[in-house]
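**Student:** mind folding the following:
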Amino acid sequence: MDKQIILNYLRRQSQTAPVTLRETASRPDGALYPRRPVQQTIRSAVDDFMEHGGHDRWWVIPGLRGVGKTTVLAQTYLQAVEYGQDINLLYVSLDEAVIAGAGLTDILSVYQEEILGDYFENLKKPTLILVDEAQADPAWAQVLKTVYDRSRKVFMLCSGSSALHLQMDANVAGRRARIETMYPLSFAEYQLLANQQPIDEQLREQLMQSLYGSNSADEAYRRLKDLKAAVNRYHAASKPLDLPFYLEYGTMPLAIQRRRALLRKDMQTVIDKVVNVDLRSWRDFSAATLSAVPRLLNMLASSGDVVGLPKLSQALDISRQQLISIMDVLVKAGILIKIPAYGGSPFSSSRRPAKYIFTSPAIRSSYLDFTGEPTADGRRRGQLLEDVAGLHYQREFTAAGKGSLTHHYSKAGGHCDFILQISNHKRIAIEFGLGNKGADQTVATMKKVKCPYGLVFSKSELRLDSRQDIVSVPLDYFLLI
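**Tutor:** Predicted structure coming up:
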C-alpha cells in the first residue's frame, strides 16, 4: 500500500481518536463510564509500565462481539493521554485499516519511520500501541510479537472477537502476552455501569469462598449467614426491576442506554457478524451450512438445552459432522457454552448429550422475542437464569483453570442443573430457580454423585437442610459474584 495513504490515515487517527474514544468511554450525559474489573487490571499494568517499565507489556482482550472491549481500549487511551508528552500513543482499529488496504505491518512500519522518527529498538520514550479488531489482520499476533521482542519501551493492548484465540500460537499466549478474556456483564458489573453502584470486591470474595470453599453444608450455611447483612445492604440500593431486565438483555453493555425494540436488532447484528465474518474466517463452511446457523440458534433458544445431535441434524437437514463443526465454532466464537454430561471428560466428547447454553442470555432473548414468547414466562426466565449461571461458572472456574462444569444427564430428567468440580478435589451439585425452589433434583443428583454438599439458588430464604446436606441460598447472594 502507498506509504502516503497510511501516513494520512495515521495523522487522521491522531486527530480524531481523542474525540471518538472519549465518546465511546462516556455515557450520553457526558460522564465517563465506571471502570470494569478488566479495565482496572489494564490500568494498573499501564501505570506500572510508565513508572517501572513493567514486565507485562502485552495484553490481549478477546471476547464475544458487543461485550465492551472497545470501551476498555478507549478508557486506556484516555488514561494514557494524562501522561501528556511523556508517552507516544497510537490507536488503530484494524477493521477500518484493512478496508483501506493497510495491514498491521504496514501501519507500524510507517508509524515508526514517519511519526516516531526512529525504530522501535531505539525508543527512549514509552510508547503505547492500542489495536482494536485485531482479528481483521490474521498476522496480527506475529507482527506484535516481533515488536514486543524488539523493544522494552513498547506497551501493547489489543482486542478483538474470540477469533483471536485461534490466531495465537504458544509463543504469544503462553510466553509473551497476557490474555484477559472479556465476558458479558455479571449482575454486579451491570449495576456498576447502569446505576453507578460500586462492586464490593471483598464481599464478592467472601461469598465465593463461602459457597464453593466450604467443607460441608453446615460450614457454608454459617459463613453465608454471617454475610446476610452485607448482602442486604447492597441490594437495598438496587432498583426492584433490575433483575428481570438484567436476565433479558442486561448482560450486554449496549443494553444500558437502548430501548428494548432496538436491543433485539443490536443482538441480531452481533450474531450476524459472528456468522458472516468469524465463522467464515475459521472454517470453510458452505453457504448452505452457514444458513443453518440462525435456525440452529433459534432451536436452542426455544427448546431445552440438552438436545440430541441426531434430532438437530435432521431438523436442519445437515450431516451430523457438519452440525458438530458448527457447534464447535459457535463455542469458540463465544456464542455458546458447552457443558459435557457427567461421566465424560470436559475436554472430550461424552456418549451422553452435552448441554449447550448461551454465553449471554441476551442472545436467547433476541430469538425468543422474535418468536413472540412472553417475557414473563417462567420457563423463559428460568432458561435465562441458567445462562447467567453457566456464564459465571465458565468465567470463574472453567476458563480460569480452577474447575470444570458438567450436567447430570438422565432420559427421565429430575436432576440438578450443574455439577461443579473444583480443582479435582470436590464436587458440588447446584440447582437454580426463580421461585421457591425445592431440593429434590439436587438430592437426586447427590445420590448418584458424591458431593459434600449441594446448593439450591432461588427466591427462598437462606436455610440449611443438614439431613440432606443442602444449603438453600437466595439469588441475592449469587448475583453479587
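**Student:** quick check: which ranges of the stretch 51-200 of the chain have low pLDDT?
**Tutor:** Residue ranges of the stretch 51-200 of the chain with pLDDT under 70: 163-171, 173-174.
**Student:** that one: helices as residue ranges?
**Tutor:** Counting by DSSP state H, counting those that start in this stretch, the stretch 51-200 of the chain has helices at residues 69-81, 94-99, 104-110, 140-150, 170-173, 187-195.
**Student:** tell me the angle of the longest one relative to helix 187-195?
**Tutor:** This points to helix 69-81. Here the directions of helix 69-81 and helix 187-195 differ by 70 degrees (axes from the mean of the first three to the mean of the last three CA atoms, to 10 degrees).
**Student:** hey, C-alpha coordinates of helix 69-81 in CSV?
**Tutor:** The C-alpha trace of helix 69-81 is given here as CSV (Å, rounded to 0.1, in the frame of the first residue of the first chain):
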residue,chain,number,x,y,z
LYS,A,69,-13.8,-4.4,24.6
THR,A,70,-13.6,-1.2,22.6
THR,A,71,-14.7,0.7,25.7
VAL,A,72,-11.7,-0.7,27.6
LEU,A,73,-9.3,0.4,24.8
ALA,A,74,-11.0,3.9,24.9
GLN,A,75,-10.6,4.1,28.7
THR,A,76,-7.0,3.1,28.4
TYR,A,77,-6.4,5.7,25.7
LEU,A,78,-7.8,8.4,27.9
GLN,A,79,-5.6,7.2,30.8
ALA,A,80,-2.5,7.4,28.5
VAL,A,81,-3.4,10.9,27.4
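**Student:** show me what that helix is packed up against.
**Tutor:** helix 3-24, helix 37-52, strand 58-62, strand 88-93, strand 127-132, strand 154-160 (3 or more CB pairs under 8 Å, 6 or more residues apart in numbering; DSSP states H and E). For every residue, glycine as well, the C-beta is placed using N, CA and C.
**Student:** among the helices of the stretch 51-200 of the chain, which is the most enclosed?
**Tutor:** Sort the helices of the stretch 51-200 of the chain by mean neighbour count, taking mean count of other CB atoms under 10 Å, and helix 69-81 sits at the top with a mean of 22.
**Student:** make CSV from the helices of the stretch 51-200 of the chain and add distance to Arg395 to it.
**Tutor:** Shown next, in CSV, are the helices of the stretch 51-200 of the chain (distance: least, CB to CB, whole Å):
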stretch, distance to Arg395
helix 69-81, 15
helix 94-99, 26
helix 104-110, 29
helix 140-150, 23
helix 170-173, 18
helix 187-195, 11
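**Student:** what's the closest of the ones you listed to Arg463?
**Tutor:** Judged by CB to CB, the one of the helices of the stretch 51-200 of the chain that comes nearest to Arg463 is helix 187-195, at 22.3 Å.
**Student:** what about stretch 182-196, start to end distance?
**Tutor:** From its first residue to its last, stretch 182-196 covers 20 Å (CA to CA, to the nearest Å).
**Student:** roughly how far out does that stretch sit from the chain middle?
**Tutor:** With CA atoms, centre = their mean, to the nearest Å as the basis, stretch 182-196 stands 12 Å off its chain's centre.
**Student:** likewise stretch 429-437?
**Tutor:** For stretch 429-437, the separation from the chain centroid amounts to 23 Å (computed by CA atoms, centre = their mean).
**Student:** how about it: buried residues?
**Tutor:** By neighbour count on 16 or more other CB atoms under 10 Å, the buried set for stretch 429-437 is 429-434, 437.
**Student:** can you check which of the helices and strands packed on helix 69-81 gets nearest to Pro353?
**Tutor:** Evaluated with CB to CB, those place strand 58-62 nearest to Pro353, the distance being 27.9 Å.
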